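Colleague: Sharing a model that was predicted from the sequence below.
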Amino acid sequence: MAIDFTLTPELEAIRTKVRDFVESVVKPGEAKIGDPDHLDRGEYISILLGMRQEARDAGLWLPHMPKEWGGMGLGHVELAMVQAEAAKTYYGPFVLNCQAPDEGNMHTLLHWATDEQKEKYLRPLCEGMAMSCFAMTEPEVAGSDPTLIRTRAVQDGDEWIINGHKWFISNAHRARFAILIARTENQPEIPQAANTAFIVDIPSKGWTEVRQIETMHGGTGHSEIVIEDLRVPAANMLGGRGQGHLLGQYRLGPARLAHCMRWLAQAETALDMMVDRSLHRYAHGSMLADKQGIQWMIADSTMELYQAKLMVLHAAYRIDQGLDFKSEVSMAKHFVANMLNRVIDRSIQVHGALGYSTDTPLAHMYQHARWARLADGADEVHQMRIAQRAIAAYEEHGSTRTATGDLPI
């Protein structure tokens, strides 16, 4: 029987080590930081870099990258347990250098970059000396359909001249470089072959950050960028001409799942807080934990978190085994994002006015969670793709079994 949900002693030791590191290093560090807007910038940076150095010293640096690049060499199933522990804190993934969007960009550069590009761009990311962004989304067209991209790149000798408009480019304000997706082909055989990826150094003449877009969880580095006659060396093309869509999908599949791994941690934190509140809050003759209405919220949250964990583990397994994972990741991304919103909402409800206040992290978590249903593909796009794959599976096999995880039951 090949199905086994236990970890080897070595991997269990890693999970325990990450959990202990979060408790002993990251949480105290976050407590020192408090509100970074009210902390001296130098002290803020010192605390962050100090925690990162402790992660290196503990052997917990770059869990997602191969050992030859200074990482832990973990597969996606193994990475799930690390992310699900690290993301119980705000800075945990950053401290381990496995945060979005850099994590996805590292995978992308490792697979697509030339040796020269890897040395110039991937190595600084792995060493924690640089940050990056992925510039695909545009305000004029639907972000969930990259075939509509209007940013244009035109070849001019050994350079490409790029003009366009991007927005919600996460981390652009702090990035040393961007992986930029632009249209290079006028009449491709298929719409998915119109775009090409380029590495853009930041700052560069022609790359202008207009603003950091204020969102419902504040202004946190989602930038609007205007690109005017930006010249990029031909050597900075990432992958081949017309492969930008393929590169983007290669990046977004595992990146979506990594988001899910971190969302599991947030949901589990919210559920823990919900149960703790119910055990300590007395009202109308008994503790909240004794009331059926509260028990139902706890039960629903527990079952949904269980479902989410299984979906993430199975999708990660398919990636590690080299199997097609598009449908499984789509289903996981849709379900986990919605589960996260529901569990945090219930936790706020159980906390009452306290949950609605900023005296607990729940309000902040809720603001961030709403973004999960839009990022890396809106709910409805994933539902459309899931349905299309189920229909295709039935048409091909007379059964939808292969579209529901292709599991042995």
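Modeller: Looks like it arrived, so ask away.
Colleague: C-alpha only now, for contacts and for neighbours.
Modeller: Will do.
Colleague: Next, count neighbours for residue 117.
Modeller: By other CA atoms under 10 Å, 18 other residues sit near residue 117.
Colleague: What pLDDT does the model give it?
Modeller: At residue 117, the predicted lDDT confidence score is 98.
Colleague: ok, now which ones touch it?
Modeller: 109, 236 (CA atoms under 8 Å, 6 or more residues apart in numbering).
Colleague: Next one: it relative to residue 214, how far apart?
Modeller: 33 Å (CA to CA, to the nearest Å).
Colleague: what's the answer for residue 109, then?
Modeller: Distance, residue 109 to residue 214, by CA to CA: 30 Å.
Colleague: same question, residue 250
Modeller: On the measure of CA to CA, residue 250 and residue 214 end up 29 Å apart.
Colleague: ok, the two, which is more surrounded?
Modeller: Remark: of residue 250 and residue 214, residue 250 carries more neighbours, 17 against 13, as counted by other CA under 10 Å.
Colleague: Do I have it right that the more buried one meets residue 108?
Modeller: Yes. Contact criterion CA atoms under 8 Å: residue 250 and residue 108 qualify, at 7.5 Å.
Colleague: For the residue nearest in space to the middle of the chain, list the residues it contacts.
Modeller: Residue closest to the average C-alpha location in the chain (CA atoms, centre = their mean): residue 259, at 3.4 Å. Going by CA under 8 Å, 6+ apart, residue 259 touches residue 100.
Colleague: pLDDT (mean, whole number) over the strand or helix carrying it?
Modeller: Assigned by DSSP states H and E, residue 259 belongs to helix 244-280. Helix 244-280 shows a mean pLDDT of 94 in the predicted model.
Colleague: For that helix, buried residues please.
Modeller: The neighbour-count check on helix 244-280 (16 or more other CA atoms under 10 Å) flags 244-248, 250-271, 273-275, 277-278 as buried.
Colleague: pLDDT at residue 377, what is it?
Modeller: 89.
Colleague: Report how many residues lie close to the closest residue in space to it that isn't next to it in sequence.
Modeller: For residue 377, ignoring the flanking residues on the chain, the nearest one in space by CA to CA, 6 or more residues apart in numbering is residue 144 at 5.3 Å. Counted with other CA under 10 Å, the neighbours of residue 144 add up to 18.
Colleague: if I look at residue 144, how far off is residue 262?
Modeller: 22 Å.
Colleague: Ok, residue 169 next?
Modeller: 20 Å.
Colleague: Ok, residue 143 next?
Modeller: The value you get for residue 143 to residue 262, if CA to CA is used, is 23 Å.
Colleague: cool, and residue 202?
Modeller: 28 Å.
Colleague: cool, residue 6 as well?
Modeller: 20 Å.
Colleague: Looks to me like residue 226 is in a strand.
Modeller: Yes. Per DSSP: H, G, I helix; E, B strand; the rest coil, residue 226 lies within a strand segment.
Colleague: can you pull up the bridge partners for it?
Modeller: Bridge pairing for residue 226 (DSSP bridges) gives the partners residue 165, residue 208.
Colleague: Distance check, it against residue 154.
Modeller: Using CA to CA, one obtains 17 Å as the distance from residue 226 to residue 154.
Colleague: again with residue 381
Modeller: 30 Å.
Colleague: And stretch 359-371, what's buried?
Modeller: In stretch 359-371, counting by 16+ other CA under 10 Å, buried: 362, 363, 364, 365, 366, 367, 369, 370, 371.
Colleague: now stretch 78-97
Modeller: For stretch 78-97, using 16+ other CA under 10 Å, the buried residues are 78-89, 91-97.
Colleague: Please compute how far that stretch lies from its chain's middle.
Modeller: 11 Å (CA atoms, centre = their mean, to the nearest Å).
Colleague: Give me the pLDDT for the residue lying closest to residue 96 once chain neighbours are set aside.
Modeller: Distances taken as CA to CA, 6+ apart place residue 61 nearest to residue 96, at 5.0 Å, with adjacent residues excluded. For residue 61, the model assigns a pLDDT of 98.
Colleague: And the one 3 residues further on, by the same measure?
Modeller: What the model reports as pLDDT for residue 64 is 96.
Colleague: Verify the stated contact: it with residue 71.
Modeller: Yes. When contacts are counted by CA under 8 Å, residue 64 is listed as touching residue 71 (6.6 Å).
Colleague: So the two - more neighbours on which side?
Modeller: The neighbour comparison of residue 64 against residue 71 (other CA under 10 Å) goes to residue 64, with 25 against 20.
Colleague: Contact partners for the spatially closest residue to the more buried one that is not a sequence neighbour?
Modeller: Among residues not flanking residue 64 along the chain, residue 74 sits closest, at 5.5 Å (CA to CA, 6+ apart). Residue 74 makes contacts with 63, 64, 65, 66, as judged by CA under 8 Å, 6+ apart.
Colleague: Helix, strand or coil: sort out the second one for me.
Modeller: Local secondary structure at residue 64 is given as coil here, using three-state DSSP.
Colleague: any idea how far residue 79 is from it?
Modeller: From residue 64 to residue 79 the distance is 6 Å (CA to CA).
Colleague: OK, contacts around residue 32?
Modeller: residue 47.
Colleague: and if you look at residue 104?
Modeller: 251, 252, 254, 255.
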